[in-house]
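K.L.:
coordinates for the following, if possible.
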Amino acid sequence: MLPYFLKTGITTMPEFLEVRYNHVARTLMTISMIGILIVASLIGVTYAGSLVMFQLFNSFGVSIDFTTCCIIMSVIAGAYVLFGGLKACAWADLIQGAALIVGGGVIAYFAIKYLGETPAAELTGFGGATTTDAAGVLERFNDLNAAKMHMGRPATDAAMPWTILIMGIWIPNFYYWGLNQYITQRILGSGSLADGQKGIVFAAALKLIIPFIIVIPGIIAFNLCAPKMAGDTAKAVVEKFNKGEYSQNDLVVFYAMGADADTAAQTNVALTKAVGPEVAAKINVHNEPIYKRIAADQGIPLAEVVKPAVIQKLSEQGKAGEIALKDNTVIKVVGNTYKYDGALGHLMDMLPKNKGVLGFVLAALLGAIVSSLAAVLNATSTLFTMDIFQRYIKPDAKPATLVFTGRVITVILAVVGCVVAAALNTDTIFGYIQEIQCYVSPGIFAVFAFGMLNRSAGKWSGVCGLIFGPVVFYFLNTYGWDCFPSCVLALLSKIECLGIPAEGGSMHYLIAASYTLVLTFIFMFIYSLIWKLPKEEVVEFKSNTTLDMTTSKGALIAGILVCIVTVVLYVFFW
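P.N.:
Got it, this is the predicted structure:
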């Protein structure tokens, strides 16, 4: 796609849609992309960075609240963009990104070191797995995490069914890395096509080390710090419970702190351990009528319903963390999880103190987070300034006016990100960002790909695709398999490896994204058969740049090698 983007001389990704379709498609994508950048990237990055800062400051006895951390992150990132623009973002990414990779390696080293030194009884394994004191570090890792080291999980797995790896997980990645202004603004500023291609391949190569400096240390963080993660959840849930924010459709449990509980008495011990006897008594009173409703609905004895395994099984039959009753009421299971977003902060708290290690890693991490946040602010303000303000509000605006407008938007966005991030409550920020992006990523990817492959489809096909995609994803993500006729489900459910339930139910959001992409392509293809451009109006991507458009052979070879390594990693971890 890069040759098309640079050849047409575009400065923003939505601008390409005007070249291929019309100005309405450009505006529609601009609005949707600004919305996603604010709701997902801006708020998500602010939240993630502030959480790490909050955990570390408090671990050193510095009393600071989460909202203050959000303000600090927003002010620093806003200053980057206000005074440095895209150039400052690019240099910050280069320097602090390199430092972050080194810092990630340092954290990985100490995580592995502590995994080997910690008594086996203090380690937590996935699915109740255990290890021994005599086991070496690699043996310990395998013993505790065998259930999490393979991607080829059952199609009925609530977290990551194997079916999402075929298409679903690629869709938000194609959008994020290839069509998102937040990322592509760097490539659109390339000095030549060859430079842009080299940059893309280099970035892709760096992605290959993520499993080793991010994923594996994150898994080890659970082994070492699971009780602390469960405690983080307990604090947040208790705070909301004391404020009266839970209704009679919210079942409050803390099995994560008492995995062996299998009776009402043992469940109560786990609850008391998590929140203390006084709060536990109040939660038991709150939960009792909810347990009775579930028992009556499912035809299960009350003594069985309180067992963690029963609640866990019921909450996995539909959308994760929810129990759908026959009267269409949904019971949300809250508290029965770990605060995974706190893993990095807990690992950093274990780094050696007063030796410069923690300071270096902290500086690298916060610097990289700030530069990422600054890039989001710059991308969003650029989209508004160039695609909305200059086009519709003040077409004759002078460069100084555009710069001033961009800075004003940057300040407004920084304030919005700070306020919303401070109020955000999620167990995993990555899942939050991914699911939000899926509202637009299938449609946008389909519109770009179809527009390049089919030059004769009507100009309004892009607009229709951009509207069609989010609508389809909303219905699939909200109503799941119930969107399909029962006869279709009955037929598809016979293919057991797909894990499609004959009775309907919820659908993983990445599977919903897959169907959205396919249906959007089909919709646009049908549109192209009905409304075609005359031969003399078939779109040609004419050159509108003075850049050298010579392809880099070295980037091509390196790109092929990166693809091969990616396939090898897929096979190895399958």
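
K.L.:
if I look at residue 112, what pLDDT would I see?
P.N.:
Per-residue pLDDT puts residue 112 at 92.

K.L.:
quick check, it in a strand?
P.N.:
No - looking at residue 112 with DSSP: H, G, I helix; E, B strand; the rest coil, it is helix, so not inside a strand.

K.L.:
just checking, it touches residue 136?
P.N.:
No - the pair residue 112 / residue 136 is not scored as a contact, 11.0 Å apart, by CB atoms under 8 Å. Glycine gets a C-beta too; all of them are placed from N, C-alpha and C.

K.L.:
those two: which is more packed in?
P.N.:
The neighbour comparison of residue 112 against residue 136 (other CB atoms under 10 Å) goes to residue 112, with 17 against 10.

K.L.:
what's the neighbour count on the residue lying closest to that one once chain neighbours are set aside?
P.N.:
Using CB to CB, 6 or more residues apart in numbering and skipping residues adjacent in sequence, the residue nearest residue 112 is residue 137, 5.9 Å away. Neighbour count of residue 137, defined by other CB under 10 Å: 14.

K.L.:
stretch 185-194: how far from the chain's middle?
P.N.:
26 Å (CA atoms, centre = their mean, to the nearest Å).

K.L.:
pull out the buried residues from that stretch.
P.N.:
Going by neighbour count (16 or more other CB atoms under 10 Å), the buried part of stretch 185-194 is 185-188, 190, 193-194.

K.L.:
where exactly do the helices run in the stretch 401-550 of the chain?
P.N.:
Secondary structure of the stretch 401-550 of the chain by DSSP state H, counting those that start in this stretch: the helices cover 429-437, 441-453, 461-479, 486-492, 509-530.

K.L.:
mean confidence score for the fourth one?
P.N.:
This means helix 486-492. The average pLDDT within helix 486-492 is 83.

K.L.:
next: the second one.
P.N.:
Mean per-residue pLDDT for helix 441-453: 91.

K.L.:
who are the neighbours of that helix, in terms of helices and strands?
P.N.:
Where contact means 3 or more CB pairs under 8 Å, 6 or more residues apart in numbering; DSSP states H and E, helix 441-453 is packed against helix 13-20, helix 23-36, helix 170-178, helix 461-479, helix 509-530.

K.L.:
repeat that with 10 Å
P.N.:
Applying 3 or more CB pairs under 10 Å, 6 or more residues apart in numbering; DSSP states H and E, we find helix 441-453 packed against helix 2-7, helix 13-20, helix 23-36, helix 170-178, helix 461-479, helix 509-530.

K.L.:
picking that back up, mind putting the helices of the stretch 401-550 of the chain into TSV with mean neighbour count and distance to residue 242?
P.N.:
Output for these, formatted as TSV (neighbours: other CB atoms under 10 Å; distance: least, CB to CB, whole Å):
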stretch	mean neighbour count	distance to residue 242
helix 429-437	19	24
helix 441-453	24	38
helix 461-479	21	31
helix 486-492	13	43
helix 509-530	20	32
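
K.L.:
same list (those) but as CSV, adding distance to residue 102.
P.N.:
Shown next, in CSV, are these (distance: least, CB to CB, whole Å):
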stretch, distance to residue 102
helix 429-437, 22
helix 441-453, 31
helix 461-479, 39
helix 486-492, 48
helix 509-530, 32
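
K.L.:
where among those is the average confidence lowest?
P.N.:
Note on the helices of the stretch 401-550 of the chain: helix 429-437 shows the lowest mean pLDDT, a mean of 80.

K.L.:
neighbouring contacts of that one?
P.N.:
35-37, 39-41, 43-45, 47-48, 51, 159, 168-169, 171-173, 175-176, 180, 320, 340-341, 421, 424-426, 428, 441, 444, 473, 477, 508-510, 512-513 (CB atoms under 10 Å, 6 or more residues apart in numbering).

K.L.:
and with 7 Å instead?
P.N.:
With contact meaning CB atoms under 7 Å, 6 or more residues apart in numbering, helix 429-437 is reached by 36, 39-41, 44, 47-48, 172, 175-176, 341, 426, 509.

K.L.:
circling back to that earlier point, closest one to residue 311 among the helices of the stretch 401-550 of the chain?
P.N.:
helix 429-437 (21.0 Å; CB to CB).

K.L.:
who's in contact with residue 183?
P.N.:
176-177.

K.L.:
residues of the helix or strand where residue 376 lies that come out buried?
P.N.:
Residue 376 is part of helix 357-384, with elements assigned from DSSP states H and E. For helix 357-384, the neighbour count (16+ other CB under 10 Å) marks 357-358, 361-362, 364-384 as buried.

K.L.:
what about the spatially closest residue to residue 163 that is not a sequence neighbour, distance to residue 127?
P.N.:
Nearest residue to residue 163, sequence neighbours excluded (CB to CB, 6+ apart): residue 155, at 5.4 Å. As for residue 155, its distance to residue 127 is 18 Å (criterion: CB to CB, to the nearest Å).
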